[in-house]
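Participant: got a structure for you, letters missing:
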């Protein structure tokens, strides 16, 4: 029942240390890296209570790049859950080459600004003061609140959690 629309690239209208948990799913790839993403992380750090958790879900660039490097289309077809004729169920396009698929995932008509892997997210989060940065799975958490992940995106997603030191 809560609706709050803000630009996540600017100062957030929340008091310092006012949240136990921050959750973002398939959002971060839509803002510029490093400046906007790191500013967003610094605001999250400010807003979180000591011991608070941030959970980030993004398309997993490493999964896509590994699948791209495999021979043939099998890995990419499975990862993206392509239909007959290499048709993308999300974008209603049929891919002729593997590079077309990779570019669509990483660029998405200019909507995606950056592709993340665990190492990059970990580095950015630690640079803003977060600790215990961990790669997680869909539905699993080190926190006390149950995750609200969308299971239909699990096959292509990277799940990362980090804590503000207590």
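Facilitator: Noted; the coordinates are in hand. Quick caveat, the model's predicted, so the values are computed rather than measured.

Participant: can we go C-alpha only for contacts and neighbour counts from here?
Facilitator: Fine.

Participant: what strand or helix carries the residue most central in space within the chain?
Facilitator: Residue closest to the average C-alpha location in the chain (C-alpha atoms, centre = their mean): residue 58, at 1.8 Å. Take DSSP states H and E as the rule and residue 58 turns out to sit in strand 48-59.

Participant: next SSE after that strand?
Facilitator: Per DSSP H and E, the first helix or strand lying C-terminal to strand 48-59 is helix 61-69.

Participant: and that next one, what does it pack onto?
Facilitator: Helix 61-69 is packed against helix 74-80, helix 98-107, with contacts defined by 3 or more C-alpha pairs under 8 Å, 6 or more residues apart in numbering; DSSP states H and E.

Participant: how many other residues sit next to residue 158?
Facilitator: Number of residues near residue 158 (other C-alpha atoms under 10 Å) recorded here: 25.

Participant: make 45 the starting number, not 1.
Facilitator: Got it, first residue is 45 now, which makes that one residue 202.

Participant: for it, give its distance to residue 68.
Facilitator: To residue 68, residue 202 is 12 Å away according to C-alpha to C-alpha, to the nearest Å.

Participant: touching both of these two, which residues are there?
Facilitator: 100, 101 (C-alpha atoms under 8 Å, 6 or more residues apart in numbering).

Participant: how much space between residue 89 and residue 65?
Facilitator: 10 Å.

Participant: of the two, who's got more company?
Facilitator: Counted by other C-alpha under 10 Å, residue 89 and residue 65 do not tie: residue 89 has more neighbours, with 26 against 18.

Participant: I'd guessed residue 175 sits against residue 208; true?
Facilitator: Yes. Counting by C-alpha atoms under 8 Å, residue 175 touches residue 208, with 6.3 Å between them.

Participant: the two: who's more crowded?
Facilitator: residue 208 (25 against 18).

Participant: show me the contacts for that one.
Facilitator: Contacts of residue 208 (C-alpha under 8 Å, 6+ apart): 89, 92, 93, 94, 95, 96, 97, 173, 174, 175.
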